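Asker: Sharing a model prediction with you, sequence too.
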Amino acid sequence: MLRHHRAAIEAAIQDCMVIATYNLNVVQLSPAAGYIEGEIMFVDGIRLSFFEFWRHLPGVLERDKYRYHVMDAKNHLIFRYDNAPHHREISTFPHHKHLPSGLRESTPPRLVDVLAEIELFFLGLP
């Protein structure tokens, strides 16, 4: 179930020019559920820790839960996306983004979107 998704993640990592190292862990809990977690280290010490929980529904693979946590070399938050159901006041509930300045509404990102955002951060772009 998660084999193809792991291949897509590894392809996205290979396409990102600022990644130094990474590790992935894929756990198939049942024929219909599993998760992928990992850590990606970037050339300047930025670290992305991520978790995606997937369910295989009839005809579709659906991401049920996610967390993408990005920190600098001093372990300070750069940003974090997740869908933990604890910010009901956000119009995009349960999807939200944590920044050092506070909480923001968010659509559910894909890992490739987070990698692109980190590349923009490297370039000093918003």
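Answerer: Looks like it arrived, so ask away. All values reported here derive from a predicted model rather than from experimental measurement.

Asker: Contacts only, for the residue nearest to the spatial centre of the chain.
Answerer: A centroid search over the chain (CA atoms, centre = their mean) returns Tyr68, at 3.3 Å, as the residue closest to the centre. With contact taken as CB atoms under 8 Å, 6 or more residues apart in numbering, Tyr68 is in contact with 48-50, 80-82, 109, 111, 114. All C-beta atoms are positioned from the backbone trio N, CA, C, and that covers glycine.

Asker: Emit the ChimeraX select command for whichever of these are buried.
Answerer: Applying 16 or more other CB atoms under 10 Å to the contacts of Tyr68 leaves a buried subset, and the ChimeraX line that selects it is:
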select :48,50,80,81,82,109,111,114
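
Asker: what's the most distant pair in the contacts of Tyr68?
Answerer: Pairwise distances across those (CB to CB) peak at 14.5 Å, for the pair Ser49 and Pro109.

Asker: tell me which residues in stretch 52-63 are buried?
Answerer: In stretch 52-63, counting by 16+ other CB under 10 Å, buried: 52-55, 63.

Asker: can you dump the C-alpha coordinates of it into PDB?
Answerer: Coordinates of the C-alpha atoms in stretch 52-63 are reproduced here as PDB (Å, rounded to 0.1, in the frame of the first residue of the first chain):
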ATOM      1  CA  GLU A  52       1.900  10.700   7.600                       C
ATOM      2  CA  PHE A  53      -0.800   8.200   8.600                       C
ATOM      3  CA  TRP A  54      -2.500   6.600   5.600                       C
ATOM      4  CA  ARG A  55      -5.600   4.500   5.100                       C
ATOM      5  CA  HIS A  56      -6.500   2.500   2.100                       C
ATOM      6  CA  LEU A  57     -10.200   3.000   1.300                       C
ATOM      7  CA  PRO A  58     -11.900   1.400  -1.600                       C
ATOM      8  CA  GLY A  59     -10.100   2.800  -4.700                       C
ATOM      9  CA  VAL A  60      -8.200   5.500  -2.900                       C
ATOM     10  CA  LEU A  61      -5.200   6.000  -0.600                       C
ATOM     11  CA  GLU A  62      -6.100   8.700   1.900                       C
ATOM     12  CA  ARG A  63      -3.800  10.600   4.300                       C
END
